[in-house]
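# give me coordinates for this.
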Amino acid sequence: MALVKNYREIIKHLIDEYASYIPSHGKIEAEKIMDTERDHYEVIHIGWDGPRRVHGSVLHIDLKNDKIWIQYDGTSRPIANELIAKGIPKESIVLGFYPIEERKYTGFALE
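As a prediction, the model looks like this:
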């Protein structure tokens, strides 16, 4: 349980950090979503870039079965590398955006 609590705190810190980055163009807000009861964490961009509506995920992380699942990473710095730099082993990180058949080639957990 202490392990999951530690992972949760690291994820929340990263979500806070990425939600503080505002795009340099358009009128776009970064919104953070932190569901600590179900362990879903996300940063989304919402707004307008000229006539184009912007609404989409920038970063989506879940905690499942004592592992960190990166469901989507639209950042310029791979979030998996950020997690490793904070001491989380590759075996505790699942790159959920890859099909399971391809995950064995990543060096990260399969599931």
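
# how about stretch 86-98, which residues are buried there?
88, 93-96 (16 or more other C-beta atoms under 10 Å). C-betas here are computed from N, CA, C, even on glycine.

# export these to TSV and append columns for distance to G56 and pLDDT.
Output for the buried residues of stretch 86-98, formatted as TSV (distance: C-beta to C-beta, whole Å; pLDDT from 0 to 100):
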residue	distance to G56	pLDDT
I88	26	96
I93	23	98
V94	22	98
L95	19	98
G96	17	97
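
# A30: which of the residues you listed is nearest?
Proximity of these to A30 (C-beta to C-beta) peaks at G96, which lies at 21.7 Å.

# thought W69 was touching that closest one, still the case?
Yes: at 4.5 Å, G96 and W69 qualify as touching, with contact defined as C-beta atoms under 8 Å.

# mutual contacts of those two, please.
Counting by C-beta atoms under 8 Å, 6 or more residues apart in numbering, the contacts common to G96 and W69 are D62.

# please enumerate the strands of this protein.
Applying DSSP state E to the chain gives strands spanning 27-35, 40-49, 52-64, 67-73, 93-95.

# determine which stretch of these is the most buried.
Counting by mean count of other C-beta atoms under 10 Å, strand 93-95 has the highest mean neighbour count of the strands of the chain, with a mean of 22.

# export the strands of the chain as CSV, with columns for distance to A19.
Below are the strands of the chain laid out as CSV (distance: least, C-beta to C-beta, whole Å):
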stretch, distance to A19
strand 27-35, 4
strand 40-49, 5
strand 52-64, 9
strand 67-73, 15
strand 93-95, 21
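
# relative to K104, which of those is closest?
strand 93-95 (11.0 Å).

# contacts for the closest one?
Identification of contacts with strand 93-95 by C-beta under 8 Å, 6+ apart yields 64, 67-70, 80, 83-84, 103, 106, 108-111.

# tabulate those residues in TSV, adding columns for pLDDT and distance to I28.
Listed next are the contacts of strand 93-95 as TSV, based on pLDDT from 0 to 100; distance: C-beta to C-beta, whole Å:
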residue	pLDDT	distance to I28
K64	96	30
K67	97	31
I68	98	27
W69	98	26
I70	98	22
A80	97	25
L83	97	25
I84	97	29
R103	95	32
T106	94	31
F108	97	30
A109	97	33
L110	95	35
E111	92	34
